[in-house]
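**Q** Test case, fold it:
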Amino acid sequence: MKKAYLIHGSDRAKVDQARNRLRTRALDEAGSAGIEVFEPEEGRGSPDAEALATAIGAMSLMPGRRYLLADGIEKWGKRQAESVCEAIGSIDDDTSVVLISRGKVPAGIEPAIKKVDGVVLAYEAPKASELPARLIQSAAAKGFELEPEAARFLVAHFGDSMTRLENELDRLALWAGPEGRVELEDLEEMLADLTEMSIFALGDSLIAQDLGAALAIAERLLGQGSTVPAVIYPTATAVRRAHRALSMLEAGEPPNAVERELKLPPFLVRKLFEAMKGASPEAMRAASIALADLEVWTRGGKEYPEELALDLALVAATADG
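**A** Below you'll find the model as predicted:
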């Protein structure tokens, strides 16, 4: 093991995988007593840089190597980064520091890591146009074949989060089995089987401005274990997509031009156009704003239950319907 590691990049799935590999190795070598983790309290803010710097310079009473892992350093300010860089410069041979940044790496951190012959692992998320090819490669590594149209379908439905997409590939690997194949028709059937319990059905109900259906679907989603943050992204993506399509149609663009702009598989285009019947660009804009307000709430809004927050957002999202 090296004295220091920096793991960073916009590909959260690979960053998480690299963190887990290092953490597993640390636990195997040193046990739970040999690793200390520094993370933002309650998921907010940044890991305690001063505490980490102090820990780096402290003498260990435990035999063997010790590991110090700090996750979320992208939120460190200049002084915090400087204190940790100074501590890394005097790190002893029996200590390994692992720094994880899921955004821009604070100034000075990477040079400090390299100065002690540390390792820098950078994982940048692929561009949207590169995602289907990336999924096909990842599926092959998991032991099954993913058809190109099916790969595009996954991106259209689950967005560009590699963590979410990798989770879906793991499920498909179990479904397909070794050397199996997943085609577009398979995914269409899976989606149809989910019916109203699908997260994507919530977006369809908002596009159709059906408050009753939206409230019923939301209740079932929460009842089956989904959380408000989990439903926001696919729902907001569907609504924004409908807003774009309706705005183009209202401006006189032909349907085939709208289809090309959306860059969706034909099945999803048909599904979207069916849901948009009777909807308006104004209504979709209002729905987008309501969902954006809900996202702000999930980041530390007013103190009331998430069920109520979601219901209030759905009412606002269908107010113009």
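
**Q** Run a quick neighbour tally on residue 63.
**A** Counted with other C-beta atoms under 10 Å, residues neighbouring residue 63 total 9. C-beta: built from backbone N, CA, C; applies to glycine.

**Q** Could you grab the helix/strand/coil label for it?
**A** Under the three-state scheme (DSSP: H, G, I helix; E, B strand; the rest coil), the conformation of residue 63 reads as coil.

**Q** Give me the distance between it and residue 34.
**A** As judged by C-beta to C-beta, to the nearest Å, residue 63 and residue 34 stand 9 Å apart.

**Q** Mind checking which residue lies nearest the centre of this protein?
**A** The residue lying closest to the centre of the chain (C-alpha atoms, centre = their mean) is residue 161, at 4.3 Å.

**Q** Got phi/psi on that residue?
**A** Dihedral angles of residue 161 (phi, psi; degrees, to the nearest 10) stand at phi -70, psi 110.

**Q** Residue 145 too?
**A** Dihedral angles phi and psi of residue 145 (degrees, to the nearest 10) take the values phi -100, psi 130.

**Q** Same question for residue 93.
**A** According to degrees, to the nearest 10, the main-chain angles of residue 93 amount to phi -70, psi -10.

**Q** Identify the spatial nearest neighbour of residue 309, chain neighbours not counted.
**A** Setting aside the residues directly before and after it, residue 309 is nearest to residue 297 in space (C-beta to C-beta, 6 or more residues apart in numbering), at 5.1 Å.

**Q** Distance-wise, check that neighbour relative to residue 99.
**A** Relative to residue 99, and taking C-beta to C-beta, residue 297 is found at 31 Å.

**Q** What mean pLDDT does the longest helix that the chain contains get?
**A** Longest among the helix segments of the chain by residue count, using DSSP state H, is helix 228-250. On average, the pLDDT along helix 228-250 is 86.

**Q** could I have stretch 107-119 exported to CSV, CA atoms only?
**A** Presented in CSV, the C-alpha positions along stretch 107-119 are these (Å, rounded to 0.1, in the frame of the first residue of the first chain):
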residue,chain,number,x,y,z
ALA,A,107,-5.9,23.1,-5.0
GLY,A,108,-2.7,21.6,-3.7
ILE,A,109,-4.1,18.1,-2.9
GLU,A,110,-2.9,16.3,-6.0
PRO,A,111,0.6,17.7,-5.9
ALA,A,112,0.8,16.7,-2.2
ILE,A,113,-0.2,13.2,-2.9
LYS,A,114,2.3,12.8,-5.7
LYS,A,115,5.1,14.3,-3.6
VAL,A,116,4.9,11.3,-1.2
ASP,A,117,4.8,8.9,-4.2
GLY,A,118,1.0,8.4,-3.7
VAL,A,119,-1.5,7.2,-6.3
